[in-house]
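Visitor: need coordinates for the following:
(chains A and B)
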Amino acid sequence: MSRYFANIWETVTTLMIGLGVTLKHLWHIRRGYVTLQYPEEKWPRPERKIGFDHDDYNVIRSRLHVDIDDCIGCMKCERACPVGCIHITTVKVPKDVDLGTTSNDTKKRLLVTRFDIDMSECMYCNLCTYPCPESCIYMTGGPNSGKHPIDYEFSEFDRCNLIYRFANVSPEEVERITTSSAKPRTEGVAA
Amino acid sequence: MVLNIGPQHPSTHGVLRLKVKTDGEIVSEITPIIGYLHRCFEKHCENLSYEQVIPYTDRCDYIASMNNNFGYVVAVEELMGIEVPERVEYIRVIMAELNRIASHLLALGTYGLDIGAFTPFLYMFRDRERILDLFEMTCGARLLYNYMWVGGLSHDLPVGFVEAAYDFLDYFEPQVKEYNDLLTYNKIFIERTADIGVLPAEVAINYGVTGPNLRGSGVAWDLRKAEPYSVYDRFEFDIPVGKGLVGSVGDCWDRYWVRVQEMLESVKIIRQALQKMPSEGDVHAALPKKVRPPKGSIYKRTESPRGDLGYYIISSGKPVPFRIKMRSPAFTALCVLDEIARGWMISDVLAILGSLDIVLGEIDR
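Guide: I've put the predicted structure just below:
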């Protein structure tokens, strides 16, 4: 009999303790401690001045971006990708054609005719950004926000639009560049 | 009567199907049917280089990815004979322990949810969020980190991490009392969990159950003490074991309680690691040029939040592993469900299942 009442007593007291905890939080509720109505309001973008040089670290995971003008077509990022969402095709150009240099003053030897990243396959492991010798592939935002602003919400109505095509040479241009030499020497390197 | 629970049941913690044979409301047999989340992890690894496997280990136990990374890189490093810089070891321990707290918070929160307590779930997720913020600050990702590399880390700690970590620990320790008030010592919770689903120590050992489930049965077995890997031998912490404070040893409440105590032990470890961590050091110093272990094999186990996480790696001297086998602690925990849930009511089965803290991503792999 006494056990019966003890049980009731324990139930009521422990419930009251629990309710006290929630009540304490109810009193301390402050403005801003509520759910954000997402599409209308957003979290402020985190301040990411964390003392890193982009050449050493890229501490963010978001959409991949390629500065195609700096790309030398070494395919290191394609090999590093575990899921194979990066597809690169390069074309050898005749010796007398000058493709220019990258911002690191490396001479470009290969013409990148195709640089596709399928962001719907990407798993944001960040493995592709490390081997790049020219640091031209990176995740947008963070230390790179000067180059490219952050973009978390890259939703599309059509899945095909998630395949980003970075190469900026048209087939006609490829044809013109590769045949411009007196001795045409076209060799397609398959991706 | 045969009753199907799952695979889309909110209390099965993922896509698990339980075929429950019942006699009235008493359960006479449970057959867990797994494989709904099978992603060919082990076969897939045979086509990937050693570094590329790491993001896939993230996705096995997706609640404690850091610990999965940790186990894998420790195994590969031992196979290759790499000495890792001291700072890297400390950062790894800090990350693994933070992730252990996050994992236990999720386990306890959803366990309360299974039994009908909604508020603690929200409180624990709020605090877990702060740990995820720390991870995001460190490596940019909130859940699947790919932070630990063979021979090092992907980045050093960001500026201000140590202060933020101390801030979190100071904030977190008093919170545990709040959880205790809300859930642990709540009479209704105790009635639902004490003396339910008792897992005797012999049964646990025979089934190979490890981690908090085994410690809840009163066996003080923790790989961080028993077989110290990394720098765990330099920290002082206790192994909490189930004592049967409100019921008998090895019941659901004990397994729950061990997890609560383990979070406090992890806080202790993180504090010591933050103090002892050398402030200088290149985290990329020991990165091998090419990860290409010599011919041979290794089995290395580490203590993940769910128990002994083992990696068996066979190398044929090529840049891709010949075979990787992962020993999942959650799998053995699920195996023992049939044994301990027989004779209980259907509603108790969900309480027992929740207390085992399984992650289907790791069971199915």
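Visitor: quick check: longest strand of chain A.
Guide: strand A:110-118 (DSSP state E).
Visitor: which secondary structure elements does it contact?
Guide: Contacts defined by 3 or more C-beta pairs under 8 Å, 6 or more residues apart in numbering or on different chains; DSSP states H and E place strand A:110-118 against strand A:64-66, strand A:86-92, strand A:163-165, helix A:171-179. The way it works is simple: take the backbone N, C-alpha and C, and place the C-beta from them, glycine included.
Visitor: now for the helix or strand following the first one, which elements pack on it?
Guide: In other words, strand A:64-66. Downstream of strand A:64-66, the first helix or strand assigned by DSSP states H and E is helix A:76-80. Under the contact criterion of 3+ C-beta pairs under 8 Å, 6+ apart, helix A:76-80 touches strand A:86-92.
Visitor: direction included, what does the strand it packs on pair against?
Guide: strand A:110-118 (antiparallel), strand A:188-189 (antiparallel) (DSSP bridges).
Visitor: just to revisit the earlier point, format the helices and strands packed on strand A:110-118 as TSV; extra columns: mean pLDDT and mean neighbour count.
Guide: What follows is these, written out as TSV (pLDDT from 0 to 100; neighbours: other C-beta atoms under 10 Å in any protein chain shown):
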stretch	mean pLDDT	mean neighbour count
strand A:64-66	82	21
strand A:86-92	84	20
strand A:163-165	83	14
helix A:171-179	76	14
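Visitor: okay if I get those as a markdown table plus distance to residue B:131?
Guide: Formatted as a markdown table, the helices and strands packed on strand A:110-118 follow (distance: least, C-beta to C-beta, whole Å):
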| stretch | distance to residue B:131 |
| --- | --- |
| strand A:64-66 | 27 |
| strand A:86-92 | 32 |
| strand A:163-165 | 32 |
| helix A:171-179 | 50 |
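Visitor: circling back to that earlier point, can you tell me the average pLDDT over the longest strand of chain A?
Guide: Average pLDDT, strand A:110-118: 83.
Visitor: still on that earlier bit, looking at the strands paired with strand A:86-92, which one is packed in the most?
Guide: strand A:110-118 (a mean of 20; mean count of other C-beta atoms under 10 Å in any protein chain shown).
Visitor: torsion angles phi and psi at the spatially most central residue of chain B?
Guide: What sits nearest the mean C-alpha location of chain B, by C-alpha atoms, centre = their mean, is residue B:305, with 2.5 Å. Backbone torsions for residue B:305, taken as degrees, to the nearest 10, come to phi -60, psi -20.
Visitor: give me every residue that touches it.
Guide: B:63-64, B:67, B:99-100, B:103-104, B:107, B:211-212, B:357 (C-beta atoms under 8 Å, 6 or more residues apart in numbering or on different chains).
Visitor: thinking residue A:78 is in contact with residue A:85, fair?
Guide: No - look at residue A:78 against residue A:85 with C-beta atoms under 8 Å: they stay out of range, at 9.3 Å.
Visitor: returning to what we had before: dump the strands paired with strand A:86-92 to a markdown table, plus distance to residue B:202.
Guide: Below are the strands paired with strand A:86-92 laid out as a markdown table (distance: least, C-beta to C-beta, whole Å):
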| stretch | distance to residue B:202 |
| --- | --- |
| strand A:110-118 | 52 |
| strand A:188-189 | 64 |
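Visitor: figure out which of the ones you listed is closest to residue B:332.
Guide: Minimum separation from residue B:332 across these (C-beta to C-beta) falls at strand A:110-118, 37.9 Å.
Visitor: for the stretch 251-365 of chain B, which residue gets nearest to chain A?
Guide: For the stretch 251-365 of chain B, the residue closest to chain A is residue B:284, as judged by C-beta to the nearest C-beta, at 8.6 Å.
Visitor: still on that earlier bit, find the nearest non-adjacent residue to the residue nearest to the centre of chain B, please.
Guide: In space, and not counting its chain neighbours, residue B:305 is closest to residue B:103: 3.9 Å by C-beta to C-beta, 6 or more residues apart in numbering or on different chains.
Visitor: per-residue pLDDT of that neighbour, please?
Guide: Predicted confidence (pLDDT) for residue B:103: 91.
Visitor: next, it: secondary structure please.
Guide: helix (DSSP: H, G, I helix; E, B strand; the rest coil).
Visitor: ok now do it, which residues does it touch?
Guide: Neighbour list for residue B:103: B:63-64, B:67, B:305-306 [criterion: C-beta under 8 Å, 6+ apart].
Visitor: repeat the analysis, applying 7 Å as the threshold.
Guide: For residue B:103, the contact set (C-beta atoms under 7 Å, 6 or more residues apart in numbering or on different chains) comprises B:63-64, B:305.
Visitor: what of residue B:29?
Guide: Per C-beta under 7 Å, 6+ apart, neighbours of residue B:29: B:21, B:338, B:342.
Visitor: can you tell me the element the closest residue to the first one other than its chain neighbours falls in?
Guide: What that stands for is residue B:21. Distances taken as C-beta to C-beta, 6+ apart put residue B:29 closest to residue B:21, at 4.1 Å, once the chain neighbours are dropped. Per DSSP H and E: residue B:29 is located in strand B:26-33.
Visitor: okay then, goodbye and thanks.
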